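Q: give me the fold of what follows.
(3 chains, ligands or ions: 6)
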Amino acid sequence: MDLHFTAHEPDPEEMEAVDRLLSGLPLNGHRRQYLLPVLHAIQDRKGWISPGALNYACQRLEVPPAEAFGVADFYALFQTRPHPPVTVHVCDDIACHARGAEALCAEVRTALGPEGESRDGHATWHRSPCLGLCERAPAALVVAAGDPPRDQALAPATGGDVLSAAVGVAIPQPDLAASVPQIGQPGLKLLARVGRIDPTSLDDYRAAGGFLALRRAFEMGPAAVVREVVESKLVGRGGAAFPTGIKWQGARSAALPRYLVCNADESEPGTFKDRVLMENDPFALIEAMTIAGFATGCEKGFLYLRGEYPLALARIENALQRCRERGFLGEDILGDGVRFDIELRRGAGAYICGEETALMNSLEGRRGEPRNKPPFPTEAGLFGQPTVINNVETLVNVLPIVIEGGKAFAAIGTERSTGPKLFCVSGHVKRPGVYEAPFGITLGELIDLAGGFGGTGRIQAILLGGAAGAFVTPDHLDAPLTFEGTRAIGATLGSAVVMPFDDTVDLRQILRRIAQFFRDESCGQCVPCRVGTVRQEELLHRLATDRPLGSLAAELALLKELGQAMRDASICGLGQTASGAIESALARLPIYQEKTL
Amino acid sequence: MEETDLVILWGSNAREAHPIFFHHVLKAIHRGARLYAVDPRKTTSAQWAVPGTGHLPLYVGTDIPLANAIAREILAAGLENRSFIENATSGFEEYRRSVEPWTLERAELITGVPAEQIRELAHAYARADRAVLCWTLGITEHHNAVDNVRALINLSLLTGHVGRYGSGVCPLRGQNNVQGGGDMGALPDRLPGFQHVENDALRAKFERVWGVAIPPKGGWHLSGMFEAMEHGEMTALYVIGENPANSEADQHRTVRLLSGLETLVVQDMLLTATAELADVVLPAAAGWCESEGTVTNSERRVQRVRQALPPPPGVRDDVEILCDLARRMGHDLGNPTAEELWNELRALSPAHAGMSWTRLEAEDGLQWPCYDESHPGELYLHGRLWARPVIGPRAPFKAVEHDPPVDELTDEFPIRLTTGRHLDSYNTGVQTGLFASPMRKGGTVDLHPEDGWRLGVAEGDRVRVTSRRGSVVAPVRFDSGLRPGLAFMTLHYPDQVATNELTIDAVDPGSGTSEFKATAVRIEPVENAQLAGKQETHGSALHRPRA
Amino acid sequence: MTFQDAPDAKIPVPRGPVPVVPPPRPRRAVELTIDGQSVAVPEGATLLEAARQIGIDTPTLCFLENLTPVNVCRICVVEVEGSRTLVPACSRKAEPGMVVHTDSERVRLSRRMVLELLGSSVDLSTAPQIAGYMERYDAHPERFGPPAPPARDHERDLARPGHHPAPHNGQTATGGQPVKVDNELYVRDYSKCILCYKCVEACGTDAQNTFAIALAGRGFEARISTEYDVPLPDSACVYCGNCIGVCPTGALMFKSEFDLRQAEAWDESRQTATDTICPYCGVGCTLTVHVQDEKIVKVTSPIDHDVTNGHLCIKGRFGWEFVNRRE
Ligand SMILES: Cc1cc2nc3c(=O)[nH]c(=O)nc-3n(C[C@H](O)[C@H](O)[C@H](O)COP(=O)(O)O)c2cc1C
Ligand code: SF4
Ligand code: SF4
Ligand code: SF4
Ligand code: FES
Ligand code: FES
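A: Residues are numbered from 1 along each chain as shown, chains lettered A, B, ... in the order given. Ligands and ions are numbered 1, 2, ... in the order given. Here you go, the predicted structure:
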């Protein structure tokens, strides 16, 4: 290609950061896929991506600078204008909002100055969407550039902690029990090892039964593994509820090479189950991916990890390293001649990259814009090749399926929703956290498991499934938490978020924040979503500030039309679900009535 | 083009000189075709070549050794297209003997291209299912231009990459109607329809229709004319739409000869440098938008040009001027319309016979030959070579030998200067100089940064470039696409930097083209030159044409 | 100087066989039903092509025959029975047995909403085609409220992804901003940009392969930009003007047209458009020369022309100043 560059030159540090990252990588064919890692390397080192650094990255990767800039400028964690080295991301999303986010923001503002500005050139702060730490709300993430960069997630966060972390002090975090109250309970399948083993030790993992499933899978052969998964009736846990067995079967007959992708971009507000699994049982995910790769005929897997998960990043990196050293990944796994390896990629602050085709574009070094479907990833996914993509929790379920058989797995839960399930309980409950329960547990039972309603105990509404989900009321406590059960009450299981709000919460602000979330996270490709989410937020803002355009009824009618067009005409699930929770709340809850305005 | 598997651009920076043609190359590349670029410079075209090995940076003027080495390698590997050679060509044995000495190693030495790359190109070309070989002025602006072209044609015959869909040879024309001009008889030995003037039967056909006797011998080509001016054999010149005062090599000599003519008539749409020397200037309409007619592009496609706006007052159509002139000379040619003229051509040229005016309009142009109204025109030529037995004469191999550039590199003139085009400009810049291109780099001399370092000059510093014929001053620009020892200039800015004061008018006897591509020069920082007591002349005395 | 004349230049080469062009691979027919009419199209054809075949006029904005479909504007959506959402006709391939509705209530609502969303955020004053659609679908962009004042110069280019100022005073956000005039050949008025991606495609792999402009930013702040918003003369732009050629809204405009419009002298009723051939290199691109008052005001190329596919280079596109300047 005949590329053209502006006159900006990289400084030696920037060059070194890029060169270090690229050393030893095969820079041919799909070299553009390293764009995101290279941008991370620059951002991590300097705190922003300068024109000179971008030019250098583009020269090394043969990417046109305008395109690379467009990629960098897509992600919230990348700064494309001069920026202080330390950035504090303070969550002001719904779970945190219910638990003091605004007070935290005020403290941080006092300490660091107005949002986006910097008193000393050393640190600044920005508001952030959900950081996936909702069980310990309010949350903040401190990102400090340097060599090495130091990132710390703080939850619950205080203004003082944030300030200390910003100058490099390590802040101790609460015990794991604060996130996984069920630790050590018998009968757990997905959380069995969580909190019981050292997540950095391969030996501990093996001592707790690790890699037995892989050995078993190799004995069964790929076709038999897929058969068991089909029989288990396992359904994807990432939100779209697609049968995993059917996906795998489809892939087995597709062209080569094929790729396996683990979707660990968990960014749905209120969702943190995948983080807990990856932080505390990382080897299980690697074992499960290896089985999936073996079963579907993929020799290469990608693990796309949310950029805001520093601890999960460290744990997975370590686990990958250990597995490669000991032959659990690589050219000849377990001496069985099976070849499989995993590349870890970090997202960079974009909810949309959890959408499977956006994720693939992101992996390819492009903007995280979803692709139109069809074709589906199993036909044409990553690099245009057939691709199997699954959520973290989905994959981890494969371990019990292989060990105990698909039939046994299918016996758990209900007819249509089989197996164990992780629920992300946050907001106003007594003991927030990740809970494992078989499908079919009712909403009320799950709340009880979490110690019952918290806050004032007077619950106005419960958000199910995340921002892309729906609001229900305490009248729905008997509803079984299954795919079909939630559908029956006009909701969705989504990513299994359960978030009650007590009567101190201003639901108008919650709805407005949800609308803001979709506006901020829309990739901007398609008109219904790009502009529709803006108009939706504006409309809710008008309502929340008591200045409707015309009558309330006219505003609600307009909102409905907007919702329908977004649902019908948007390219991807983001636009299609952007009005769901809002519409459900307005339909069910007495938030706006003619007299309140 | 888009459906070929391999493209060789030989001495052609199509990315900048033929941008829309290059779009089609890019389509092929995106489809998976491989591009090889043979060029002393790593041009913007060459940057699209197969990574690592697709750019063959040969020394200027070593095209024949490279082509011959490719041929030898193809033969040595047994990759030649035997049956095509046997069926459709002649002179193969002699050709085989002539390339025999060109081993990869020897070629590497002479051309500077690593043997491995020559080998790769040879194998890729010979093995490709479909392959196109294109060239431009990098091949033809040499003193041995015809031999250069023959060397490439030999390769296409050797591999049979000619006369089939997706395979062929493709000289890219520099001007919108060079092809058409030649087709219409604007060649010293041709009548319209590419029919040879020395063929009695053909000439008689024209004489019958035109009612005049046509001189039975070919005339002078351009360089021949200058030769004739030098010897006083030619004293009058009628120039239509050319600007030799800027465009010819060795500008000092050109201007001297033009000024020495008894009569110089220039018919042009702009007051060019040549027109400023003329005795009579006939202001002509801009053919492409102020009059009706046809042009023929590089694909031999005859296309309609149409009048979009009237010429300014006092400016007339070329045909009108010529007919008027004829009338004054005592021949009434009437006032033919473009269509009537075209129909006359159709009657005389079998290759154009099928292209009715209506068809040209309706079918967006037609590619010759197009023998009758039911003939579709020919997407590619030479299909006859694949007929068994071959239709018409066999295509001859022609052994060609290396003949280094005339302007030798010596200690006094150690740097090789070559010339080319910028994307936004065109030839002598008469037309393109008038729009405000934000990209215009201006007249510079481009050097490899290493040469700049050796000379102790930075970008933007002015240097004096001196050849055996002249000397100009120009600012330096660095281009790491060049090789050390190779300098590059364009002809676009004659009044800023009169590049053609440097170039040599060593002329190819076959085509009459000058060796613009290979000049020996010396480059010095300007201070030194001034110290040496020379005055800084800023380009030539000739002005940019006024509008 | 080809080897046509090599054997004996004086004797014309005999007539050869007519060239054979390999026939396109035969495509199976796909039968489907559109608005109650059954139609057969070759495999691989889109719903848009199928609808056109039976004379159904489907609005499009981001679709152009010479570009890869990006299906982002969503104006062309149609209803396919059995599909949860509407589908974009411009890129969705026809499948056997599909039952398609192109004018159902759902379709009309989404099309109208797309037009209203665009109309409320973009200056469509030089996009007559969209005005026609507005009428057809009875779109009322003003329903969303009064527009906010335009952004300051480069303000939108500095937006951070994932962040935006809170809505203000009940006003609706727009893409309003000053025109970018940074060279003498064409201007970029992104207040008029509907983000159809066509210019990016034309600058990129679909034609020019220069990649001077790309999408930057995200969401409503997504925009067409050079790297770091540098002016075009610092960018990779080669001024082929192919982006102008495909822009459906006049966001990208010849400086000549822009200047005439500023002077209120642009008048299409006084213009002629004539097809001729580029006077420069030997590629032979067809130029459509637009003339007003005996001056060339812009140059385009027919999109269905197989030399250019509608694309030109800087010389053909802009190299006509010399004709206007002659006296
Ligand atoms: C806007 C959007 C965001 C998504 N985010 C995630 C995510 O963070 N993690 C995830 O596993 N799936 C996410 N998905 C669902 C994926 O597109 C995909 O369905 C899933 O990764 C498939 O894996 P599964 O079948 O194992 O659930 C998201 C979908 C949309 C539309
Ligand atoms: S629905 Fe929204 S997020 Fe999805 S493609 Fe369209 S603009 Fe992007
Ligand atoms: S500038 Fe024009 S072509 Fe480019 S995206 Fe905007 S509207 Fe489309
Ligand atoms: S537009 Fe450009 S490529 Fe086309 S004929 Fe003119 S100069 Fe050549
Ligand atoms: S971490 Fe704040 S809402 Fe999830
Ligand atoms: S025309 Fe189909 S989505 Fe734009």
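
Q: pull out the buried positions in stretch B:389-409.
A: Applying a neighbour-count criterion of 16 or more other CB atoms under 10 Å in any protein chain shown, one finds B:390-400, B:402, B:404-407, B:409 buried in stretch B:389-409. Heads up, the C-betas are built off the backbone N, CA and C, glycines and all.

Q: cool, stretch B:36-54 as well?
A: B:36-50, B:53-54.

Q: and the longest helix anywhere in chain C, anywhere near ligand 3?
A: When chain C is parsed with DSSP state H, its longest helix is helix C:105-121. No - counting by CB under 6 Å from any ligand atom, ligand 3 is not contacted by helix C:105-121; separation bottoms out at 10.0 Å.

Q: and the strands in chain C, which stretches?
A: C:29-34, C:37-42, C:77-80, C:87-88, C:99-101, C:186-188, C:214-216, C:223-225, C:252-254, C:271-277, C:286-292, C:295-300 (DSSP state E).

Q: now the last one, how far from the centre of its chain.
A: Taking CA atoms, centre = their mean, to the nearest Å, one finds the center of strand C:295-300 at 18 Å from the center of the full chain.

Q: could you say what helices and strands it packs with?
A: Counting contacts by 3 or more CB pairs under 8 Å, 6 or more residues apart in numbering or on different chains; DSSP states H and E, strand C:295-300 is packed against helix C:255-262, strand C:286-292, helix C:314-318, helix C:321-324.

Q: now the ones you listed as TSV including mean pLDDT?
A: Formatted as TSV, the helices and strands packed on strand C:295-300 follow (pLDDT from 0 to 100):
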stretch	mean pLDDT
helix C:255-262	96
strand C:286-292	95
helix C:314-318	94
helix C:321-324	82
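
Q: B:Asp332 is nearest to which of the ones you listed?
A: Closest approach to B:Asp332 among those is made by helix C:321-324 (31.5 Å; CB to CB).

Q: that closest one near chain B at all?
A: Yes - with CB under 8 Å from any CB of the partner chain as the criterion, chain B is reached by helix C:321-324 at C:Glu321, C:Phe322, C:Val323.

Q: out of the helices and strands packed on strand C:295-300, which is closest to chain A?
A: helix C:314-318 (14.4 Å; CB to the nearest CB).

Q: and that closest one, what does it pack against?
A: Where contact means 3+ CB pairs under 8 Å, 6+ apart, helix C:314-318 is packed against helix C:242-246, strand C:295-300.

Q: distance to B:Val521 and neighbour count added to the residues of helix C:321-324 next to chain B, as JSON lines?
A: What follows is those, written out as JSON lines (distance: CB to CB, whole Å; neighbours: other CB atoms under 10 Å in any protein chain shown):
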{"residue": "C:Glu321", "distance to B:Val521": "33", "neighbour count": "19"}
{"residue": "C:Phe322", "distance to B:Val521": "32", "neighbour count": "20"}
{"residue": "C:Val323", "distance to B:Val521": "37", "neighbour count": "26"}
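
Q: in the stretch 201-350 of chain B, which residue sits nearest ligand 5?
A: Residue nearest to ligand 5 within the stretch 201-350 of chain B (CB to the nearest ligand atom): B:Glu299, separated by 62.8 Å.

Q: next up, the contacts around that residue.
A: Residues near B:Glu299 by CB atoms under 8 Å, 6 or more residues apart in numbering or on different chains: B:Gln367, C:Gly284, C:Val307.

Q: ok, 7 Å please
A: Contact analysis of B:Glu299 by CB atoms under 7 Å, 6 or more residues apart in numbering or on different chains lists B:Gln367.

Q: got it, and A:Arg119?
A: Counting by CB under 7 Å, 6+ apart, A:Arg119 touches A:Leu112, A:Gly113.

Q: looking at the stretch 201-327 of chain C, which residue is nearest ligand 3?
A: For the stretch 201-327 of chain C, CB to the nearest ligand atom, closest residue to ligand 3: C:Cys247, 3.3 Å.

Q: can you tell me the closest non-neighbouring residue to that residue?
A: Nearest residue to C:Cys247, sequence neighbours excluded (CB to CB, 6 or more residues apart in numbering or on different chains): C:Cys199, at 5.6 Å.

Q: my guess is that neighbour contacts C:Ile224. True?
A: Yes - here C:Cys199 reaches C:Ile224: they are 6.2 Å apart, a contact under CB atoms under 7 Å.

Q: where exactly do the helices run in the stretch 351-500 of chain A?
A: Under the criterion DSSP state H, counting those that start in this stretch, the stretch 351-500 of chain A contains helices at A:356-363, A:392-404, A:406-411, A:443-449, A:483-488.

Q: only the buried residues of the fourth one, if you could.
A: What it means is helix A:443-449. In helix A:443-449, counting by 16+ other CB under 10 Å, buried: A:Leu443, A:Leu446, A:Ile447, A:Leu449.

Q: and the contacts of it?
A: Contacts for helix A:443-449 (CB under 7 Å, 6+ apart): A:Phe423, A:Val425, A:Val429, A:Tyr435, A:Ala437, A:Phe453, A:His476, A:Leu477, A:Asp478, A:Ala479, A:Leu481, A:Val498.

Q: so who does the residue in the stretch 101-250 of chain C that ligand 1 sits nearest to touch?
A: Relative to ligand 1, the nearest point of the stretch 101-250 of chain C is C:Gly219 (12.6 Å; CB to the nearest ligand atom). By CB under 7 Å, 6+ apart, the contact list for C:Gly219 reads A:Arg519, A:Asp520, A:Ser522, A:Cys523, A:Gly524, A:Arg530.

Q: which one of those is nearest to A:Gly113?
A: A:Gly113 lies nearest to A:Asp520 out of the contacts of C:Gly219, by CB to CB, at 22.2 Å.

Q: next one: phi and psi at whatever residue of chain A ends up closest to ligand 4?
A: Residue nearest to ligand 4 within chain A: A:Asp2 (16.1 Å; CB to the nearest ligand atom). Backbone torsions for A:Asp2, taken as degrees, to the nearest 10, come to phi -100, psi 90.

Q: what residues of the longest strand along chain A count as buried?
A: As assigned by DSSP E, the longest strand anywhere in chain A is strand A:338-346. Judged by neighbour count (16+ other CB under 10 Å), strand A:338-346 contains these buried residues: A:Val338, A:Phe340, A:Asp341, A:Ile342, A:Leu344, A:Arg345, A:Arg346.

Q: out of everything not next to it in sequence, what's closest to the second one?
A: So that's A:Phe340. Take A:Phe340 and drop its neighbours on the chain: the residue closest to it by CB to CB, 6+ apart is A:Gly293, 4.4 Å away.

Q: how's the chain carved up into domains?
A: As the question left the chain open, I've gone with chain A. Domain segmentation of chain A under automatic domain parsing yields A:12-72, A:86-174, A:202-410, A:420-500, A:507-596.

Q: let me rephrase: I mean chain C.
A: Split by automatic domain parsing, chain C gives C:28-146, C:174-325.
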